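> Quick one, fold the following:
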Amino acid sequence: MKKAMKSVMFVIMFLLWGSYAISNDSESKKFSIDSARISNQVFVSNCPEWMNTAVFYQIYPQSFYDSNGDGIGDLQGIIQKLDYVKSLGVDGIWINPFFKSPFKDAGYDISNYFQVAPRYGTNADAEQLFNEAHQRELKILFDYVVSYTSIEHSWFQASCDPEPNKYSNWYIWTNGTWFPGMEKYSSRFIQGYCNRNGNFMNNFFWHQPALNFGYGSPDPEQPWQLPVDHPDVIALKEELKNVLRFWMDMGADGFRADMAGALVKDDTENKNALFWKEIREILDKEYPEAFSVAEWSYPKAAIPGGFYADFYHWFTEFSDLYQKENKRNLFFNGHSFFEKEGKGDITAFLEKYMDQLNAVQGKGYVCIPVGNHDLIRIRNFDRSYKDLEVISAFQMTLPGIPFVYYGDEIGMKQLSGIPTKEGAYGTRGGGRTPMQWNRSANKGFSTAAPDQIYFPVDPDENAPNVADQEKDPNSFLNKVRALIQLRKREKALCANGLFTPVYAKPFTYPFIYIRSWKDENILVVLNPSAQKGSAQFHIQPAIKKRTLLSGTKAKIKINGEDCHLEIPGQSYAIYKITL
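Residues are numbered from 1 along each chain as shown. This is a model prediction of the structure:
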């Protein structure tokens, strides 16, 4: 017992000193760590234990693998590639929407929640996918899209009827096409769509009408603004719960919630959480091993609101990490940190991140995406595999739950000049191109004619592919596999392990932090810059032993509690340390 308490006290002292070293550097941001938490570390409350070491793989179904030669990926294609997914070392798959849709927004415009889109297969294929995945101990998350539907959904078509019916208030309609005060709402509403005398609200593209979860503070002068407890709002929510149960009963293991924070309108009191808390109650009671992750991008609201995890990425400083697109990008704010030019600032991101992370520690997970269907691929501009390795080391050593976007594990490139299709405007299409399996026609994605492929494949004959990298033990694919295994093996890298920055300065490299679980500690050093990085920092008590687990060996000089470190450019180092 005394030995255990001594170890805990060492870690407390170390965390305090690490925080002190940052906060007393005039060039650095200030970060505070609650040292008391180190002696009370537990898995996230009411959370299945498997989540604490989980890694997921994201599949964009139309671009993953085409099993029938029509040029579009499908569920049978995913089934045929499950052994590959399993070989990555991941625990589950998040699949973008595979439901019936007119595909004006790549399937996010759902026209039938209970039916698989014919181009992907049938409901029987979905059930087979769930079963085949479970046989390989893989979990499946579906995309739960409940903030809007397609205009082709039967609910919306019924709501267009001028005569009041069950579905009239399942979408947000004004009381007339012209009404007092309409100028306040004109930018969010579509006029003149049908014979109903009213305008409907869209929640994203014009053809995606907003489902009606009510208004947080209804305007008494606008009677069409329903309160969140209106009977019609409640009826809609009950049907959406039926959607959840339908897929969970078929075999799904949870969901990713699209636009989770955009349900209730004029919501200043987080009434969005009312629905998600009800969903969480269903999971806890009926599906206790299930997982839910939000696209809310505000963990402080999403985690108390009922989610286990939240993707935190829709903010300017996120683009300062590695998503440098171009100067027209809405979220672009200068130079990205993970660029070899070495002009990025990690502290801008870190201040926002630590604020969210500290607020939900022990209650839920903050997930920092590296790539997904809405972001450009991390292999953009002139990034090399060395650059990608540093980014992957960052991804696999952060708290939370990593999601690997299909193709990123082999370094697929962001393509330019991709035609707009199914809502893939701007740079979106260039990050949704077909998976590159081998060097055969269409990179092994499909046997269809090239002009029938969903999106053009990378035309480069030397484009990365799975088959080539499988043969090379030093390939990027195998390095990603190794990092995934490292994360799962080391307790300090678990999803809820503490995260302590020990060296982080504006426009300075490297970035150094420590992950901790009880008395186990991992030191992570990241230097994306092409130039050698050096740092001086303090750890109390002094490091007694260090073992390189992954990456490039750094030059480390230890003089008592003082550490001096040098690391080559475009490299990382992950050490297990004993204090």
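
> what's the nearest residue to Leu523 if we skip its chain neighbours?
By the measure of CB to CB, 6 or more residues apart in numbering, the closest residue to Leu523 outside its immediate chain neighbours is Tyr575, 4.3 Å from it. No exception for glycine: its C-beta is placed from N, CA and C like everyone else's.

> The host helix or strand of the one you found pairs with which strands?
Under the criterion of DSSP states H and E, Tyr575 resides in strand 571-578. When pairing is defined by DSSP bridges, strand 571-578 lines up against strand 520-527 (antiparallel), strand 545-551 (antiparallel).

> do you know which of these lies nearest Arg256?
Comparing the strands paired with strand 571-578 against Arg256 with CB to CB, the closest turns out to be strand 520-527 (26.9 Å).

> how about that closest one as CSV, C-alpha atoms only?
Taking only C-alpha atoms (Å, rounded to 0.1, in the frame of the first residue of the first chain), the coordinates of strand 520-527 have been written out as CSV:
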residue,chain,number,x,y,z
GLU,A,520,2.5,4.2,-15.8
ASN,A,521,3.8,7.1,-18.0
ILE,A,522,4.4,7.6,-21.7
LEU,A,523,6.5,10.5,-23.1
VAL,A,524,5.5,11.6,-26.6
VAL,A,525,7.8,13.9,-28.7
LEU,A,526,6.5,15.3,-32.0
ASN,A,527,8.5,17.3,-34.5
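
> what comes into contact with that strand?
With CB atoms under 8 Å, 6 or more residues apart in numbering as the test, strand 520-527 has contacts from 11, 14, 390, 393-394, 397, 490-493, 509-516, 533, 546, 549, 551, 554, 565, 567-579.

> picking that back up, what about the strands paired with strand 571-578, which gets the closest to Asp249?
Of all the strands paired with strand 571-578, strand 520-527 sits nearest to Asp249, with 39.7 Å by CB to CB.

> Tell me how far the closest one lies from the chain's centre.
23 Å (CA atoms, centre = their mean, to the nearest Å).

> following it, which helix or strand comes up?
Next in sequence after strand 520-527, counting helices and strands by DSSP H and E, comes strand 533-538.

> Direction included, what does that next one pair up with?
strand 562-567 (antiparallel).

> Buried members of the contacts of strand 520-527 into PyMOL, please.
Selection command for PyMOL covering only the buried members of these, criterion 16 or more other CB atoms under 10 Å:
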select buried, resi 11+14+390+393+394+397+490+491+492+493+509+510+511+512+513+514+515+516+533+546+549+551+554+565+567+568+569+570+571+572+573+574+575+576+577+579
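
> Distance of Leu211 relative to Trp296?
Remark: distance between Leu211 and Trp296 (CB to CB, to the nearest Å) = 17 Å.

> and if you look at Leu565?
For Leu565, the distance to Trp296 (CB to CB) stands at 37 Å.

> which residues touch Lys104?
By CB under 8 Å, 6+ apart, the residues touching Lys104 are 150, 205, 207, 422-423.

> Please repeat the previous calculation with a cut-off of 10 Å.
Lys104 sits next to 150-152, 205-208, 422-423 when contact means CB atoms under 10 Å, 6 or more residues apart in numbering.

> try Ser571
386, 389-390, 393, 510, 525-529, 532-533, 551-554.

> For the residue nearest to Ala535 when sequence neighbours are not counted, give me the backbone phi and psi.
Excluding the flanking residues, the one nearest Ala535 by CB to CB, 6+ apart is Tyr503, at 4.5 Å. Here is the backbone geometry of Tyr503 (degrees, to the nearest 10): phi -150, psi 110.

> same check, this time on Ala257
According to degrees, to the nearest 10, Ala257 has phi -100, psi 110.

> what about it, how many residues close to it?
Using other CB atoms under 10 Å, the number of residues around Ala257 comes to 27.

> On the three-state scheme, Glu317 is what?
Three-state call for Glu317 (DSSP: H, G, I helix; E, B strand; the rest coil): helix.

> ok, now how distant is it from Leu375?
Glu317 is 15 Å from Leu375, by CB to CB.

> Same check on Phe275?
Taking CB to CB as the criterion, Phe275 is separated from Leu375 by 27 Å.

> With Val233 instead?
33 Å.

> repeat for Pro48
28 Å.

> more crowded one of these two?
Between Pro48 and Leu375, counted using other CB under 10 Å, the more crowded position is Leu375 (21 against 18).

> Surely that one and Arg428 touch.
Yes. Applying CB atoms under 10 Å as the test, Leu375 and Arg428 come out as touching, 8.8 Å apart.

> Run through the residues that contact Tyr185.
Applying CB under 10 Å, 6+ apart, we find Tyr185 in contact with 172, 174, 179, 199, 201, 219, 222, 224-225.

> Drop anything exposed from those.
Buried among the contacts of Tyr185 by 16+ other CB under 10 Å: 172, 174, 179, 199, 201, 222, 224-225.

> Sort out which one of those lies nearest Ile59 for me.
Closest to Ile59 out of the buried ones among the contacts of Tyr185 is Met201 (31.2 Å), distances taken as CB to CB.

> in the chain, what spans have low per-residue confidence?
Along the chain, the parts satisfying pLDDT under 70 run over 1-43, 45, 323-334.

> Which residue ranges make up the domains of it?
Using automatic domain parsing, the domain parsing of the chain gives 2-45+500-578, 58-146+244-488.

> just the ones you listed: most buried one?
Across the domains of the chain, averaging neighbours per residue (mean count of other CB atoms under 10 Å) puts domain 58-146+244-488 on top, at a mean of 20.

> end to end, how far does that domain reach?
18 Å (CA to CA, to the nearest Å).

> cool, and stretch 46-60?
With CA to CA as the measure, stretch 46-60 spans 30 Å from end to end.

> Off-centre distance for that stretch?
Distance of stretch 46-60 from the chain centroid (CA atoms, centre = their mean) equals 12 Å.

> re earlier: pipe the strands paired with strand 571-578 into JSON lines and attach distance to Ile140 per row.
Formatted as JSON lines, those follow (distance: least, CB to CB, whole Å):
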{"stretch": "strand 520-527", "distance to Ile140": "30"}
{"stretch": "strand 545-551", "distance to Ile140": "29"}
